[in-house]
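1. return a 3D structure for these sequence lines:
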Amino acid sequence: MNIKPLRPIGIFDSGIGGLTVLRAIHQLLPDEPLLYLADQAHVPYGPRPLEEVRHYSSVISRYLLDQGARLVVVACNTASAAALKYLRSVYPEIPFVGMEPAVKPAAEHTRSGVVGVLATPATFQGELYASVVERFGQGVRLLQHTCPGLVTQIESGALESSETRRILEAALQPMLEQGIDTVVLGCTHYPFVIPLIQQITGPGVRVIDPAPAVARQVQRLLVAGNLLDLELKIEAEVPGKPRHLMHFTTTGDATRLESMLPGLLGEKGPVEALTWKDSQLVSL
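-> Residues are numbered from 1 along each chain as shown. Purely as a prediction, here's the structure:
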């Protein structure tokens, strides 16, 4: 029996961080096929020049579109800062959803007027962050920290290690001393350590995970563009053959990523290994 090819929602990040966004999209749109690409050969993106990240993002987006993606989520704050505007100009017919630090809701809900922002150097240097601060951060004191090494710790699965705690305490303790009551997570990796952040800050500090808002924006764009379902259902179920709605690819170690998925998502899924070759992504 034939199975009609599914046109997925494409999602990419430098590593596993974008899985926090995939998780939120899957919770909101459980019947939508998702294709995730982790560029773990180049993780972390944060310290890299914006031009380099823009190049990676362009090649990855082309790969996802070649796989039939009808919408692309740039599930990486650094890649959004470096490439979102460019990608929208190159592919005007394709909806792109990016990440921006949630300064607006933080500014609206802070009581103390002091907000902490945790993000990568490239995110803080990008035009997108500057625009968000200019539009929504007036009258609010924003304390910034780049959390050096935190993405690497999360990529290694060390979500509760002493080193991960040390990095977060170095970022958060000075902010707490200056009166923050809200923490903005400006990197998609960071929601994986929300429990540790909350241990450090205590219950009086609100931690903002942007993933649910991104998922709602994906839903809005799919509805507005009449892109939901799109006759994507399987024409005939194959007896005994499971239907995987989430497919994962990585330019790193596919076996390792597959072993991490149940702990990170509570889900399993096939992981395909890709490699960079002459500025293209090809299957191994």
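2. skip the chain neighbours and tell me the closest residue to Thr255.
-> Closest residue to Thr255 apart from its sequence neighbours, by CB to CB, 6 or more residues apart in numbering: Val271 at 7.6 Å. Heads up, the C-betas are built off the backbone N, CA and C, glycines and all.
3. quick check: phi and psi on that neighbour?
-> Val271 adopts backbone torsions of phi -120, psi 120, taken as degrees, to the nearest 10.
4. mind checking how far it is from Ala158?
-> Using CB to CB, to the nearest Å, Val271 is found at 20 Å from Ala158.
5. looking at the two, which one has more neighbours?
-> Val271 (21 against 15; other CB atoms under 10 Å).
6. shouldn't Val115 be within a helix?
-> No. Val115 is assigned strand when assessed by DSSP: H, G, I helix; E, B strand; the rest coil, not a helix.
7. quickly list what it is bridged to.
-> Val115 has these beta-bridge partners by DSSP bridges: Leu142, Thr182.
8. give me the pLDDT value at it.
-> Listed pLDDT for Val115 reads 98.
9. how close does it get to Pro30?
-> 33 Å.
10. give me every residue that touches the nearest residue to Gly149 once chain neighbours are set aside.
-> Closest residue to Gly149 apart from its sequence neighbours, by CB to CB, 6+ apart: Ile167 at 5.5 Å. For Ile167, the contacting residues are 147-150, 153, by CB atoms under 8 Å, 6 or more residues apart in numbering.
11. for Arg166, the count of nearby residues, please.
-> So Arg166, with other CB under 10 Å, has 12 neighbours.
12. quick one: mean pLDDT over the helix or strand harbouring it.
-> Under the criterion of DSSP states H and E, Arg166 resides in helix 162-177. Across helix 162-177, pLDDT averages out at 98.
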